[in-house]
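# Sequence first, predicted model second:
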Amino acid sequence: MSRRRKIAIGVSMLIAYLLQLSLFPELKILGVQPDLMLVIAIIVAIQDGPVEGCLVGFIGGLAFDLTGSQIVGVGAFSKAATAFLVGIFKDLFVTYTVLLPVFLVFFGGLVEQLLYHGGLAVLGSTGAVPLSPKYLFAVAFYDSLMVFVLFPVLRKFRGSEYSEYLGAIRP
C-alpha cells in the first residue's frame with residue numbers, strides 16, 4: 001500500500017470519526033446511524049485485502065471503544081473480524097459489479113452487529129441496544145448507503161504499487 005493511500009485512509013478515518021461523533025447522531029433514520037468506520041474498513045478490505053481491512057477496522061473500532069461507554073475491545077474485534085471476513089468473502093465472486101461493494105457492506109453490517117451484540121452479551125454487558133431484525137436491517141441499509149459516498153473517495157487514492165515503483169526509479 002502506497003504512502004499516499006495510507007494518508008488518505010487515515011484522513012478518511014479521522015473525518016469519519018469526527019462526523020460519527022458530531023453530525024450523525026442528529027441524522028438518525030429509524031433510530032440508527034451509519035457506522036462510517038465499519039464502511040471504511042470494509043471498503044479497504046475490498047480494495048486492498050482482508051488484512052489491511054482488518055487493521056483499519058481494529059483501529060476504528062478501538063477509537064470508538066475508548067470514547068464510548070461499552071466494554072473496550074468489543075467494537076474493535078467486531079469491526080476487525082467483519083472486515084477480514086468480507087475481504088475473504090469478496091474473492092468468492094467471479095464477476096465484479098458496481099453493486100458488489102453495496103452488497104458486501106450490507107452483509108458486513110449485519111455480521112458486525114451480530115458479533116458486537118454477541119460479544120457484549122458474552123461479556124455480560126446490559127447497556128446495548130436491544131437486537132431486533134428491524135434494527136439490524138436498518139443499520140445495514142444505512143451503512144450500505146454510505147458506500148456511494150466513501151467508495152469513490154477511497155478508490156481515487158488507491159493508485160497502484162506498480163506506478164509507485166516506477167516513480168521511485170525515475171531520476
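Sure thing, it's come through. Residues are numbered from 1 along each chain as shown.

# Mind telling me what element the residue nearest the centre of the chain is part of?
With distances taken as Cα atoms, centre = their mean, the residue of the chain nearest its centroid is Leu38 (2.1 Å). Per DSSP states H and E: Leu38 is located in helix 36-48.

# So what touches the helix or strand that comes right after that helix?
Reading on from helix 36-48 to the C-terminus, the next helix or strand found by DSSP H and E is helix 50-67. With contact meaning Cβ atoms under 8 Å, 6 or more residues apart in numbering, helix 50-67 is reached by 1, 9, 13, 16-17, 20-21, 37-38, 40-46, 71-88. In this view, the C-beta of every residue, glycine as well, is placed from N, C-alpha and C.

# Can you select the buried ones among the residues you listed for me in PyMOL?
Buried residues within these, by 16 or more other Cβ atoms under 10 Å, are selected in PyMOL with:
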select buried, resi 9+13+16+17+20+37+38+40+41+42+43+44+45+46+71+74+75+76+77+78+79+80+81+82+83+84+85+86+87
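
# In strands, which of the contacts of helix 50-67 appear?
Using DSSP state E, no member of the contacts of helix 50-67 falls in strands.

# what about Gly73, distance to Val122?
12 Å (Cβ to Cβ, to the nearest Å).

# quick one on the thing from earlier: Provide a list of residues in contact with the residue nearest to the centre of the chain.
Applying Cβ under 8 Å, 6+ apart to Leu38 gives the contacts Gly57, Gly60, Gly61, Lys79, Thr82, Ala83, Val105, Gly108, Gly109, Glu112, Asp143.

# for Pro130, same thing?
Contacts of Pro130 (Cβ under 8 Å, 6+ apart): none.

# Helix, strand, or coil at it?
coil (DSSP: H, G, I helix; E, B strand; the rest coil).

# where's it relative to Leu136, distance?
Where Leu136 is concerned, Pro130 sits at a distance of 11 Å (Cβ to Cβ).
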